[in-house]
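1. Output the structure for:
(chains A, B, C and D)
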Protein chains: 2
Amino acid sequence: MTVRRKQADRRAHTRNALLEAAARGLSTYGYATLSLERVAGEAGYTRGALYHLFANKEDLALAVVRWVEETWRAEVGRLVAEQADPVEALMAMARGHAVYCRRDIARVLMTLRVEFAGQDHPVGQAITEILGRLVADCTELVAAAGARGTIPAGPPPVEIARAYLVVMEAVAIQFAGQAPYDVELTERAVRGVLGLPPVPSPGTEARS
Amino acid sequence: MTVRRKQADRRAHTRNALLEAAARGLSTYGYATLSLERVAGEAGYTRGALYHLFANKEDLALAVVRWVEETWRAEVGRLVAEQADPVEALMAMARGHAVYCRRDIARVLMTLRVEFAGQDHPVGQAITEILGRLVADCTELVAAAGARGTIPAGPPPVEIARAYLVVMEAVAIQFAGQAPYDVELTERAVRGVLGLPPVPSPGTEARS
DNA sequence: AATATAACCTACATACATGTATGTAGGTGA
DNA sequence: TCACCTACATACATGTATGTAGGTTATATT
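-> Have a look, this model is predicted:
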């Protein structure tokens, strides 16, 4: 049925299938419980193919993490960059992330972050680095908003940024796909962390 | 050296040591990666003692989960019951939980919840049940607050309760032990979810 | 004090997952 | 078409963790 002529094409295709299966698997089972046999099987291959394309389990997980980060930056990061006002940027990120989490692969980062917290594992380090960059970015936004007076005084910007991210992640994943509550509650939680007053009415207000 | 002890005393002592070590281990490594050899060793025993007191790994984890729930209800649940006003009760729970999370064992429930989400494992079921009861309790509080008009209109009470709990858990654990931000940011996030305006000034306001 | 029972340890059997080595089918270039 | 390479499968070796069975030491009972 599937006739694929070019080798490069073939390789990219199976690599992608394995990555997707691995992402789903990591979301559902986490790293430790994830069986590579299952991953390969779900992608329609065997472990042989997997080990041909990835050095080992760790390498596969790292590839998944990098892949998720890329898609996140492409989809959510773009929205943030469009906003000039720092508060608008933060709200755009929260809404965008909630929408992004409607894909099931979004769980990956949280699952792995929780699993490797307090351990010293390369995969955990990779996630820590990603989160570190995000915290840095959000800290700047929070500091800028504070300087402008668009958010009230409170804890240091870094701590607010950390809380902002953790809240955004938690709510967005908890309500993944349950529109419109996913966006609405993520927004609520994030506004609270930033010290912003609630938006007057949830449904009647036009979403600016 | 070996003080002569009553058998019941001895049993309870080692059981407690094993439970504590298991709680720490589950917090740090999660269920799958947790080695019973490590748990027993950290408690000062061998796996033999562990298998004498617990049927198997699953039984041990369930005991830890029940133990954590008990201590939580004793410490945080008590604070909630003292409050007459539903909003005050919810805020008391959030603050109390943030304080509770200063013990490292608080991570256990979150770690296991994330690890077993989307699986069909007895330990995951136990946590789901605990969370279900909590959601039910909080839903009532949210509904009562809505009826009183102390929180504004918004998503259905169940969804608000879910968001409330997930946010409380995430922030409290993220800032575990980092007083006073743990309490302050948990409070902020939770107020946001409930649709409450931020408290005017974070430090200058006397904690009512 | 002798014996029974509970607490605990050591040794072993089993299962399972990773990683590697080898084999085979399908594509590539002279 | 022939030599070669790449994609993938199968089979095996290894490590590690769980669970169990049979001992050894501490406590209880008579």
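2. For chain B, what's its nearest residue on chain A.
-> When scored by Cβ to the nearest Cβ, chain A has A:Gly192 as its residue closest to chain B, at 1.5 Å. Where you see a C-beta, it was placed from the backbone N, CA and C, and this is true even at glycine.
3. element containing A:Ala55, please.
-> According to DSSP states H and E, A:Ala55 maps onto no helix or strand at all.
4. give me phi/psi at the residue nearest to the residue of chain A closest to chain B when sequence neighbours are not counted?
-> Of all residues not flanking A:Gly192 in the chain, B:Gly192 sits nearest, at 1.5 Å (Cβ to Cβ, 6 or more residues apart in numbering or on different chains). Phi and psi for B:Gly192, reported as degrees, to the nearest 10, are phi -60, psi -50.
5. how much space between B:Gly192 and A:Thr186?
-> 10 Å (Cβ to Cβ, to the nearest Å).
6. And for A:Arg11, nearest residue in space, chain neighbours not counted?
-> A:Arg11 sits nearest to A:Leu53 (Cβ to Cβ, 6+ apart), 7.3 Å away.
7. Distance of that neighbour relative to A:Lys6?
-> Here A:Leu53 is placed at a distance of 16 Å from A:Lys6 (Cβ to Cβ).
8. Of those two, which one has the most company?
-> A direct count of neighbours by other Cβ atoms under 10 Å in any protein chain shown for A:Leu53 and A:Lys6 places A:Leu53 higher, at 17 against 9.
9. Enumerate every residue touching the more buried one.
-> Contact partners of A:Leu53, counting by Cβ atoms under 8 Å, 6 or more residues apart in numbering or on different chains, are A:11, A:14-15, A:18.
10. Looking at these, which is nearest DNA strand C?
-> Nearest to DNA strand C among those: A:Arg11, at 9.9 Å, using Cβ to the nearest atom of the strand.
11. Any idea which residue is closest to the centre of chain A?
-> For chain A, A:Ala106 is the residue whose C-alpha lies nearest the centre (Cα atoms, centre = their mean; 5.0 Å).
12. For that one, which non-adjacent residue is closest in space?
-> Among residues not flanking A:Ala106 along the chain, A:Tyr100 sits closest, at 5.8 Å (Cβ to Cβ, 6+ apart).
13. and that neighbour, how many neighbours?
-> 20.
14. ok, it - contacts?
-> A:72, A:75-76, A:106, A:172.
15. Same question for A:Trp72.
-> If you count contacts by Cβ under 8 Å, 6+ apart, A:Trp72 has them with A:97, A:100, A:106.
16. Now it: phi and psi?
-> phi -70, psi -50.
17. for A:Leu62, what are its contacts?
-> Taking Cβ under 8 Å, 6+ apart as the test, what A:Leu62 contacts is A:122-123, A:126.
18. swap in A:Cys101?
-> The contact partners of A:Cys101, taken as Cβ under 8 Å, 6+ apart, are A:107, A:172-173, A:176-177, A:182.
19. Among the contacts of A:Trp72, which ones are in helices?
-> Among the contacts of A:Trp72, the members found in helices (DSSP state H) are A:97, A:100.
20. Next, the distance between the ends of stretch A:145-153.
-> Distance across stretch A:145-153, first residue to last, is 10 Å (Cα to Cα, to the nearest Å).
21. Wondering if that stretch reaches chain B at all.
-> Yes - Stretch A:145-153 comes into contact with chain B (Cβ under 8 Å from any Cβ of the partner chain), by way of A:152-153.
22. Which among the contacts of A:Cys101 count as buried?
-> If you count burial by 16 or more other Cβ atoms under 10 Å in any protein chain shown, the buried members of those come out as A:107, A:172-173, A:176, A:182.
23. So out of everything in chain A, what residue is nearest DNA strand D?
-> For chain A, Cβ to the nearest atom of the strand, closest residue to DNA strand D: A:Gly48, 2.1 Å.
24. what are the phi and psi values for that residue?
-> Dihedral angles (degrees, to the nearest 10) for A:Gly48: phi -60, psi -50.
25. Which element, helix or strand, includes A:Gly25?
-> With DSSP H and E as criterion, A:Gly25 is part of helix A:7-33.
26. Any residue of that helix touching DNA strand D?
-> Yes - Helix A:7-33 comes into contact with DNA strand D (Cβ under 7 Å from any atom of the strand), by way of A:7-8, A:10-11, A:13-14.
27. Name the next helix or strand downstream of that helix, please.
-> helix A:36-43.
28. got a pLDDT number for A:Leu196?
-> pLDDT, A:Leu196: 97.
29. close enough to count as contact, A:Leu79 and A:Ala92?
-> Yes - counting by Cβ atoms under 8 Å, A:Leu79 sits close enough to A:Ala92 to count as a contact (4.7 Å).
30. ok so, going back, count of neighbours near the residue nearest to A:Gly192?
-> Neighbours of B:Gly192 (other Cβ under 10 Å): 29.
31. Tell me which residues touch it, please.
-> A:188-193, A:196, A:198, B:167, B:198.
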